[in-house]
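A.B. asks: Give me the fold of what follows.
(chains A, B, C and D)
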Protein chains: 2
Amino acid sequence: MATGRTHRPATRSRGIPEATVARLPLYLRALTALSERSVPTVSSEELAAAAGVNSAKLRKDFSYLGSYGTRGVGYDVEYLVYQISRELGLTQDWPVVIVGIGNLGAALAGYGGFASRGFRVAALIDADPAMTGKPVAGIPVQHSDDLERIIEEDGVSIGVIATPAGVAQQVCDRLVAAGVTSILNFAPTVLSVPDGVDVRKVDLSIELQILAFHEQRKAGEEAGAESAVLPPAPAPYQAPETDAASASGDAAGGKGGRKGPDGDVPAVMPA
Amino acid sequence: MATGRTHRPATRSRGIPEATVARLPLYLRALTALSERSVPTVSSEELAAAAGVNSAKLRKDFSYLGSYGTRGVGYDVEYLVYQISRELGLTQDWPVVIVGIGNLGAALAGYGGFASRGFRVAALIDADPAMTGKPVAGIPVQHSDDLERIIEEDGVSIGVIATPAGVAQQVCDRLVAAGVTSILNFAPTVLSVPDGVDVRKVDLSIELQILAFHEQRKAGEEAGAESAVLPPAPAPYQAPETDAASASGDAAGGKGGRKGPDGDVPAVMPA
DNA sequence: CAGTGTGAATATTTTCACAGCA
DNA sequence: TGCTGTGAAAATATTCACACTG
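C.D. replies: Residues are numbered from 1 along each chain as shown, chains lettered A, B, ... in the order given. Model prediction:
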């Protein structure tokens, strides 16, 4: 029941904007560092600098949580650590399973920051029988046959998928069926999940591609900063080798009429 | 020269909104999959579904690139793959160095999607002399003493930092000094870089914390979906054990006046 | 009087809805 | 007729600037 009531309202939580939620962990980390150095208070300016944002944004963000500062002074570090932790739900600890103990899964299992704040690696799961029982980062790998049992027994609600893309969806389905409602996906695939399940994605090559885009822009900026509205690259479009289907007459036809900035490419034309 | 001219305008590139740039890799991946299955054309609806976004957004995104579709038909897959690749700068290939070959660095080195589209691992670099020469994912690790030489010789402009947080900033500084202008940072630290250098961050524990936030909300939603505007958790604030500094009289003082939603915590009070 | 908290202004992103074209 | 391309509206997010307060 309760599947798909509203369209997808779960994104926006209470009053706190999603963009703010995404920054809270950042503030928390900066605050934790201050706390370890026994710094009693910080101003929004200082904290913002440590977190890499600007102070107006930080103050606005905090204003959604409540009025936790002291005018003319700043914020009490310990107090704020507590408040943000609570807001993020880190005062309880969350058992997490990692599925797919390859290179990446092993790296995740050994990641210190994982265990440190609020999260506990409840189990490592892999489909390879050769891995079963082998300890990784001190935790024995369990076979994926036991996935459902593990999740239920430990009350796991957060799953991390570090499998190859090909099996990510089916792993996801099993996790969800077993009761997991939040998934962190490292596999380069779009996962489809029912309403009420949150998925966050971490994708290497996407990040690199975004960097490449900006990198390319910088390269094109060498001459004439103002007038440099030239296209990324005038490289010619390589003929698309339409194998089998759609060879004659259809598709790849009327591309001449595009009105993109410029950098026109020769219209497609099968040899 | 050219350091810090404008405040930081580099974020917004040409006409293409940043949010759109961030989705282009997603579209590209979906299109590549279609291309491999020799699908000649897709509608915005189909492609959007494959990429996990809605079709209006996708069409709007594509409209920034130019008019690459055919009304009544859809988009030519090959043609669009080419256009997006070009826009992202993937028609050239980018040599990348990975610094810090621990668990994570090794995982990154072996990540297939890395090499596949436009990126080439030019070098693996680690500070540990015991690693030097050891092949990881088929590539011999080089010592960090050679970092500057490697970057210059290979013309590397993208660096990946997978070191412990403690040394990330100094690695970053060396990369930048040697000519790297885009950095993908896996270390849980805020890097500070000069103007003109792009940093993207991938952070495990931040992602988990965001999931935890939403997870917590779900848990609190059990009864009374409407009226459930209750605070995350009424857990009491643990007295902050102000060691040494600021023990008496100051800080942690006037917290009673906060006007946060509710869930008041007992004011701090040293025993 | 230094520094928070926040309305108001601005900028960006998403969504709608439909004109226009193949 | 079906689907793109896009103005315009709505929703979000960021930034400004300043009243207010400890």
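
A.B. asks: which residues of chain A score low on pLDDT?
C.D. replies: Chain A contains residues with pLDDT under 70 at A:1-14, A:115, A:221-271.

A.B. asks: List, one by one, the residues from it near DNA strand C.
C.D. replies: A:42-45, A:55-56, A:59-60, A:62-63, A:67-75, A:253-254, A:257 (Cβ under 7 Å from any atom of the strand). C-betas here are computed from N, CA, C, even on glycine.

A.B. asks: what about burial for those, which qualify?
C.D. replies: Neighbour-count burial (16 or more other Cβ atoms under 10 Å in any protein chain shown) is assigned, among those, to A:V42, A:S43, A:S44, A:R59, A:F62, A:Y68, A:G69, A:T70, A:G74, A:Y75.

A.B. asks: near DNA strand D, which of the residues you listed show up?
C.D. replies: Near DNA strand D, judged by Cβ under 7 Å from any atom of the strand, the entries from these are A:R59, A:T70.

A.B. asks: Next step: the buried ones among the residues of chain A next to DNA strand C restricted to strands.
C.D. replies: In this view, these that belong to strands under DSSP state E are A:V42, A:G69, A:T70, A:G74, A:Y75.

A.B. asks: Closest one to chain B out of those residues, please.
C.D. replies: Relative to chain B, the closest of these is A:T70; by Cβ to the nearest Cβ it sits at 6.5 Å.

A.B. asks: care to break chain A down by domain?
C.D. replies: Listed domain ranges for chain A are A:13-88, A:94-205 (source: automatic domain parsing).

A.B. asks: Which one, of those domains, ends up nearest to chain B?
C.D. replies: Per Cβ to the nearest Cβ, nearest to chain B of the domains of chain A: domain A:13-88, 2.3 Å.

A.B. asks: Which residue ranges of chain A form helices?
C.D. replies: A:18-36, A:44-51, A:55-65, A:77-88, A:103-110, A:112-116, A:147-154, A:165-178, A:204-220 (DSSP state H).

A.B. asks: which helices and strands does the shortest one pack with?
C.D. replies: Judged by 3 or more Cβ pairs under 8 Å, 6 or more residues apart in numbering or on different chains; DSSP states H and E, helix A:112-116 is in contact with helix B:204-220.

A.B. asks: With the fifth one instead?
C.D. replies: Helix A:103-110 is packed against strand A:94-99, strand A:119-126, strand A:135-136, helix B:103-110, with contacts defined by 3+ Cβ pairs under 8 Å, 6+ apart.

A.B. asks: Sheet partners, orientation included, of the shortest one?
C.D. replies: Pointing back at strand A:135-136 there. strand A:139-143 (antiparallel) (DSSP bridges).

A.B. asks: contact partners of the partner strand?
C.D. replies: A:101, A:109, A:121, A:123-127, A:129, A:131-135, A:150 (Cβ atoms under 8 Å, 6 or more residues apart in numbering or on different chains).

A.B. asks: pretty sure A:L104 is in contact with A:P188, am I right?
C.D. replies: No. Using Cβ atoms under 8 Å, A:L104 is not in contact with A:P188; the gap is 11.4 Å.

A.B. asks: Looking at those two, which one has more neighbours?
C.D. replies: Comparing A:L104 with A:P188 by other Cβ atoms under 10 Å in any protein chain shown, the one with more neighbours is A:L104, at 24 against 21.

A.B. asks: OK, now which residue of chain A is nearest to DNA strand C?
C.D. replies: Here the residue of chain A nearest DNA strand C is A:G69; by Cβ to the nearest atom of the strand that distance is 2.9 Å.

A.B. asks: If we ignore the residues flanking it in sequence, what's nearest that residue?
C.D. replies: Once flanking residues are discounted, A:G69 sits nearest to A:Y75: 4.6 Å by Cβ to Cβ, 6 or more residues apart in numbering or on different chains.

A.B. asks: Would you mind listing the residues in contact with A:V190?
C.D. replies: Residues near A:V190 by Cβ under 8 Å, 6+ apart: B:L26, B:A30, B:A50, B:A51, B:G52.

A.B. asks: quick one: contacts for A:V193?
C.D. replies: A:C172, A:V176, A:I183, A:V199.

A.B. asks: which bits of chain A sit near DNA strand D?
C.D. replies: A:12, A:17-20, A:54, A:56-57, A:59-60, A:70-73, A:259.

A.B. asks: Name the nearest of those residues relative to B:D154.
C.D. replies: A:N54 (35.9 Å; Cβ to Cβ).

A.B. asks: Kindly provide the distance from the closest one to A:F62.
C.D. replies: 13 Å (Cβ to Cβ, to the nearest Å).

A.B. asks: And for A:A109?
C.D. replies: Taken as Cβ to Cβ, the span from A:A109 to A:F62 is 34 Å.

A.B. asks: Number of residues surrounding the closest residue to A:S182 other than its chain neighbours?
C.D. replies: Ranked by Cβ to Cβ, 6+ apart and with sequence neighbours excluded, the top spatial neighbour of A:S182 is B:L211, at 4.1 Å. The tally of other residues near B:L211 (other Cβ under 10 Å) stands at 26.

A.B. asks: Just list the residues touching B:L211, thanks.
C.D. replies: A:I158, A:S182, A:I183, A:L184, A:D198, A:R200.

A.B. asks: Mind doing that once more with 6 Å?
C.D. replies: Neighbouring residues of B:L211 by Cβ atoms under 6 Å, 6 or more residues apart in numbering or on different chains: A:I158, A:S182, A:D198, A:R200.

A.B. asks: what do you get for A:T181?
C.D. replies: A:S157, A:V197.

A.B. asks: how near is it to A:E18?
C.D. replies: Note on A:T181: its distance to A:E18, by Cβ to Cβ, is 18 Å.

A.B. asks: cool, and A:S144?
C.D. replies: A:S144 sits 33 Å away from A:E18, going by Cβ to Cβ.

A.B. asks: Specify which residue of these two has the higher count of neighbours.
C.D. replies: It is A:S144, of A:S144 and A:E18, that has more neighbours when counted by other Cβ under 10 Å, with 21 against 12.

A.B. asks: Settle this for me: that one is touching A:P129, isn't it.
C.D. replies: No. With contact defined as Cβ atoms under 6 Å, A:S144 does not reach A:P129; the gap is 9.6 Å.

A.B. asks: The closest residue to A:L90 other than its chain neighbours - how many residues pack around it?
C.D. replies: Once flanking residues are discounted, A:L90 sits nearest to A:G118: 3.5 Å by Cβ to Cβ, 6+ apart. If you count neighbours by other Cβ under 10 Å, A:G118 ends up with 20.

A.B. asks: In this structure A:G118 contacts A:G89, no?
C.D. replies: No. Look at A:G118 against A:G89 with Cβ under 6 Å: they stay out of range, at 7.4 Å.

A.B. asks: Spell out which parts of the stretch 51-200 of chain A neighbour chain B.
C.D. replies: A:52, A:66-67, A:76, A:78, A:82, A:86, A:88-89, A:91, A:94, A:103-104, A:106-107, A:110-111, A:113, A:119, A:157-158, A:182, A:184, A:188, A:190, A:198, A:200 (Cβ under 6 Å from any Cβ of the partner chain).

A.B. asks: which of those count as buried?
C.D. replies: A:66, A:76, A:78, A:82, A:86, A:88-89, A:91, A:94, A:103-104, A:106-107, A:110-111, A:113, A:119, A:157-158, A:182, A:184, A:188, A:190, A:198.

A.B. asks: From A:D195, how far off is the spatially closest residue to A:V197 that is not a sequence neighbour?
C.D. replies: Using Cβ to Cβ, 6+ apart and skipping residues adjacent in sequence, the residue nearest A:V197 is A:T181, 5.2 Å away. As judged by Cβ to Cβ, A:T181 and A:D195 stand 11 Å apart.

A.B. asks: Could you do A:M131 as well?
C.D. replies: 34 Å.

A.B. asks: What of A:V156?
C.D. replies: 20 Å.
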